[in-house]
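Novice: Fold the following, please.
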Amino acid sequence: MKLSILVPVYNERTVVERSLAQVVAAPLPEGMDREIILVDDCSTDGTTEILERLAAAEPAMQLYRHEVNQGKGAAIRNAIQYATGDFCLVQDADLEYDPAEYPVLLRPLLDGNADAVFGSRYLVGVQTRVLPFWHSVVNRTLTLLSNMFCNLNLTDMETCYKVFRTDLLKSIPIRSDRFGFEPEITMKSAKRQLRIYEVPISYHGRSYEEGKKIGWKDGVQALTTILKFWLIDDLYVKPSGRGVLNTLTGTPKYVTWITELIRPHLGDTVLEIGAGIGTLSGRLMARRLRYVAAESDPMNLHALRNRFLRTPSVEVVSLDPEQGEDYARTGEAADTVLCLNVLEYAEDPAAVLRHIDSALKPGGRLVVLAPQGRSLYSPLDAALGLKRRFSLDDLRRLFTARGWRLERSYQINKVSALAWWVQGKILRRRRLGKPLLKVFDKTVWLWKLMDKILPWSGLSLVVVARKRLEEGSEPAAAI
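Specialist: Numbering: from 1, shown residues only. Have a look, this model is predicted:
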């Protein structure tokens, strides 16, 4: 096991050697190695020469240098790409934070309870230098505002000491170049639903005369960063069409609309294919004897395991919908299989249904949610990773080929079919803005009413099919 210590450095010649000596000597849990990744952000005071000498003498150190000063966030972003450890810890090159506290920061991660740990200067229990009043007020105010927008209850968002699982940190894009890194990574960690722990740390803050660099302009930038990444869902380094599942978490009324349609068709045992981050699973698993949330994406699997860690009726399994051998992992066949926003991404939807057949009990139900309208396919669909849109006849043919009977279909979200056509076909947009989605979600009650009177097809289609019973039996009456 290894810890990657990320150290952004800029003009710290008076303290950097002593600071890095503490990093090298810091205690680590038994069996853990360290690598120290230094990024010199174009220092001009002689710091560079000191870092070169230290890196040449210490095998655990790697030194990289910016030719132009870019800021702390840029230095951390650069350091992350070189990290090879299991965990990444951000360490400033000054003497404000004590590396002797690494074991305390790492414990929740090593115990398997956390994905990220923040060291808080405001939790009671350790020695802390008394800070200037207004500096503390600004820090606490920014933390309060961050908590309001990302729905966390942190005591110290602006802390330097943040430790992450490396695989998760590498998957989060860092856009801020300066001190906006702190609110950005906090907001994105919250949106990604990482398990965040806080632990108390000591703090030996410097005055501006002693070399402190952060100023009031950085406080303003932090505020704008909070607002920016509250509005923008920029959560993954590698964009994925399934990222729409994260957007759905910001449209709770639409999710409720979908679950109200699906819930009456569920049996006691349910297999959900393509469960994403659990947006729909969390609404549908209640009162089920067994609910299997299946997903292929490693990051989504991690989110699912976090979410249902202490929910005994929910099992999380790794399953690629197009790999038939994966279905054996789901165990006993289910009463109901949910295939929600899956078929449109598959190379061969018919093959997916063939595999589902093996996981569904005779007489059981398949519930499909799919995008509707071939003529609506546009760059917007392509950017989301969709390979196709369906008609009701398309799905009926797929079911008939398996010997299943279509029981029920719902045309939903008709008004958005028009909006999708304008956004995708006319304006050639490749993404939907979050403000537009927020407005849509607040007015879902109206669009549900409009579905009853608008004459065209809906943007999405929910269909329920029943698998044939054993030969010689007849299916129950249609719903």
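Novice: need the contact list for the residue nearest to residue 349 when sequence neighbours are not counted.
Specialist: By the measure of C-beta to C-beta, 6 or more residues apart in numbering, the closest residue to residue 349 outside its immediate chain neighbours is residue 343, 4.4 Å from it. Backbone N, C-alpha and C define where each C-beta goes, glycine included. Going by C-beta atoms under 8 Å, 6 or more residues apart in numbering, residue 343 touches 349, 352-353, 368, 370, 390.
Novice: ok, so of those, who is nearest residue 335?
Specialist: Minimum distance to residue 335 across those is 15.8 Å, recorded for residue 368 (C-beta to C-beta).
Novice: okay, now residue 293: neighbour count?
Specialist: By other C-beta atoms under 10 Å, the residues close to residue 293 number 31.
Novice: And it, how far from residue 272?
Specialist: 5 Å (C-beta to C-beta, to the nearest Å).
Novice: overlap in contacts of these two?
Specialist: Applying C-beta under 8 Å, 6+ apart, one finds that residue 293 and residue 272 are jointly contacted by residue 281.
Novice: Where does the prediction get shaky in this protein?
Specialist: Per-residue confidence for the chain (pLDDT under 70) gives these ranges: 125-131, 205-216, 218, 238-250, 470-479.
Novice: can you list the domains in the chain?
Specialist: Recorded structural domains for the chain (assignment: automatic domain parsing) are 2-231, 241-466.
Novice: can you pull the contacts of the residue nearest the centre of the chain?
Specialist: Centrality entry for the chain: nearest residue to the mean C-alpha point is residue 192, 2.7 Å, by C-alpha atoms, centre = their mean. Residue 192 makes contacts with 168, 172, 235, 246, 299, 303, as judged by C-beta under 8 Å, 6+ apart.
Novice: Now for those residues: which two are most distant?
Specialist: 168 and 246 (14.2 Å).
Novice: what's the host helix or strand of residue 301 in contact with?
Specialist: Counting by DSSP states H and E, the secondary-structure element that holds residue 301 is helix 298-307. If you take C-beta under 8 Å, 6+ apart as the criterion, helix 298-307 is touched by 115, 167-168, 171, 192-195, 236, 242, 245, 275-278, 281-282, 293, 295, 316, 318.
Novice: Got a PyMOL select line for the buried ones in the residues you listed?
Specialist: This is how PyMOL selects the buried members of the contacts of helix 298-307, with burial counted by 16 or more other C-beta atoms under 10 Å:
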select buried, resi 115+168+171+192+193+194+195+236+242+245+275+276+277+278+281+282+293+295+316
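Novice: Select from the contacts of helix 298-307 every entry located in helices.
Specialist: Secondary structure assignment by DSSP state H places 167-168, 245, 281-282 of the contacts of helix 298-307 in helices.
Novice: Please report how far residue 298 lies from residue 92.
Specialist: When distance is defined by C-beta to C-beta, residue 298 is 31 Å away from residue 92.
Novice: quick one, which of these two is more surrounded?
Specialist: Neighbours per residue, other C-beta under 10 Å: of residue 298 and residue 92, the larger number sits with residue 92, 17 against 11.
Novice: for that one, helix, strand, or coil?
Specialist: Here residue 92 is coil, with the state taken from DSSP: H, G, I helix; E, B strand; the rest coil.
Novice: That one against residue 160, yeah?
Specialist: Yes - the pair residue 92 and residue 160 qualifies as a contact (C-beta atoms under 8 Å) at a distance of 4.8 Å.
Novice: In contact with residue 154, which residues are there?
Specialist: With contacts defined as C-beta under 8 Å, 6+ apart, the neighbours of residue 154 are 118, 120, 143, 146-147, 186, 196, 198.
Novice: ok, those vs residue 204, which is closest?
Specialist: Using C-beta to C-beta, the contacts of residue 154 come closest to residue 204 at residue 120, 14.9 Å.
Novice: give me the beta-bridge partners of the closest one?
Specialist: Listed by DSSP bridges, the beta-bridge partners for residue 120 are residue 200.
Novice: Strands of this protein, start to end?
Specialist: With DSSP state E as the criterion, the chain has strands at 2-9, 33-40, 61-65, 87-90, 116-120, 162-165, 196-200, 269-273, 290-295, 314-318, 334-340, 360-371, 405-412, 460-466.
Novice: what's the fourth one packed up against?
Specialist: Using 3 or more C-beta pairs under 8 Å, 6 or more residues apart in numbering; DSSP states H and E as the contact criterion, the neighbours of strand 87-90 among helices and strands are strand 2-9, helix 102-110, strand 162-165, helix 166-170.
Novice: related to what we said a few turns ago, tell me which of the contacts of residue 154 is nearest to residue 137?
Specialist: Looking across those and measuring by C-beta to C-beta, the closest to residue 137 is residue 143, at 10.8 Å.
Novice: Run a quick neighbour tally on the closest residue to that closest one other than its chain neighbours.
Specialist: What sits nearest to residue 143 in space, not counting adjacent residues and going by C-beta to C-beta, 6+ apart, is residue 157, at 4.2 Å. Counted with other C-beta under 10 Å, residues neighbouring residue 157 total 25.
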